[in-house]
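Undergrad: sequence and predicted model, in that order:
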Amino acid sequence: MDAKQYSKLIDKELQNLPIYVFYYSQQPNLSLTTVYQYLTEYRRFFDWLRITPADVENPSKGYISNAKNNKDIQLSTLEHLQSAQIQMFLKELSVKQNKQSTRDSKKTINRIINALRSLFHYLTVTADLKNGEPYFYRNVMLKIPLVKGSRESISYRNAKFSPMLYTGSKKHEWLSYIKNDYEKELSNRKRSSFLFNKERDVANFYNDVNYY
């Protein structure tokens, strides 16, 4: 499929998605293929938000989003999503048959997770359409791991740890955490690798934070 065809498909998807997804799709670092694949996953996710009870024990209270169509789904819906709700969405994908009469594979589910991570990273970090600030700051996707056996992407790891990076006096707390406590949270295999390069990595961290 060539660029012109992808552009037409992207335009078609964007017509039925919220304006903040349109702004997300305009980022220069995204390829046309990635944008199209991610938009199809957002459509599926937003469809799910509109048909899933906000409280599974009291379904009469309404859906996660009561928007009449995907285009009207509010940012506040994404801001206040619970990790349990995301996990429920992913679980349904793994057990229910899709349009091809098959279940989504682990690889497909990880692609969906990465798509949502990308969108939420944009909404909470990259976007600067509100007086230089992102749309909101709570990123529920930082709590959602990839399906077991897959590695975290570099962009996700950066997003996960960036809230712990500080300037001023708090940067010393971060350095202390890396130097003294981080290794305690690692598996034996990862700890060995970290300890092997610890002296070099800690020195790099000192250089990085002292830059700011």
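TA: Alright, I've got the coordinates.
Undergrad: pull the residues that contact stretch 27-47.
TA: 3, 6-7, 9-10, 13-14, 16-18, 21, 25, 65, 70, 73, 89, 111-112, 115-116, 118-119, 122, 126 (CB atoms under 8 Å, 6 or more residues apart in numbering). In this view, the C-beta of every residue, glycine as well, is placed from N, C-alpha and C.
Undergrad: redo that, cut-off 7 Å
TA: Stretch 27-47 is contacted by residues 3, 6-7, 9-10, 13-14, 16-17, 21, 25, 70, 73, 89, 112, 115-116, 118-119, 122 when judged by CB atoms under 7 Å, 6 or more residues apart in numbering.
Undergrad: narrow those residues to those that are buried.
TA: With burial judged by 16 or more other CB atoms under 10 Å, the buried subset of those is 6, 9-10, 13-14, 17, 21, 25, 70, 73, 89, 112, 115-116, 118-119, 122.
Undergrad: how close does Lys8 get to Met1?
TA: Noted for Lys8: a distance of 10 Å to Met1, by CB to CB, to the nearest Å.
Undergrad: oh, I was asking about Lys68
TA: Following CB to CB, the distance that separates Lys68 from Met1 is 32 Å.
Undergrad: which secondary structure element of this protein has the lowest mean pLDDT?
TA: In the chain, no helix or strand scores lower on mean pLDDT, DSSP states H and E than helix 154-161, which sits at a mean of 50.
Undergrad: next secondary structure after the helix or strand containing Phe45?
TA: For Phe45, the host element (DSSP states H and E) is helix 32-51. Next in sequence after helix 32-51, counting helices and strands by DSSP H and E, comes helix 75-79.
Undergrad: quick check: angle from the helix or strand following that next one to helix 32-51?
TA: Going down the chain from helix 75-79, the next helix or strand is helix 83-95, by DSSP H and E. When axes from the mean of the first three to the mean of the last three CA atoms, to 10 degrees is applied, the directions of helix 83-95 and helix 32-51 differ by 110 degrees.
Undergrad: how far does the helix or strand following helix 83-95 sit from its chain's centre?
TA: Next in sequence after helix 83-95, counting helices and strands by DSSP H and E, comes helix 106-121. Distance of helix 106-121 from its chain centroid, counting by CA atoms, centre = their mean, to the nearest Å, is 6 Å.
Undergrad: which helices and strands sit right next to helix 106-121?
TA: helix 32-51, helix 83-95, helix 154-161 (3 or more CB pairs under 7 Å, 6 or more residues apart in numbering; DSSP states H and E).
Undergrad: could you identify which of those is most buried?
TA: helix 32-51 (a mean of 18; mean count of other CB atoms under 10 Å).
Undergrad: what's the mean pLDDT across it?
TA: When pLDDT is averaged along helix 32-51, the result is 95.
Undergrad: equivalent analysis for stretch 18-26, please.
TA: On average, stretch 18-26 scores 96.
Undergrad: dump it to CSV, keeping only the CA atoms.
TA: C-alpha atoms of stretch 18-26 as CSV (Å, rounded to 0.1, in the frame of the first residue of the first chain):
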residue,chain,number,x,y,z
PRO,A,18,-11.8,13.0,18.8
ILE,A,19,-9.8,16.1,17.8
TYR,A,20,-7.1,15.3,20.3
VAL,A,21,-6.4,12.1,18.3
PHE,A,22,-6.1,14.2,15.2
TYR,A,23,-3.5,16.4,16.8
TYR,A,24,-1.7,13.2,18.0
SER,A,25,-1.6,11.9,14.4
GLN,A,26,0.2,15.1,13.2
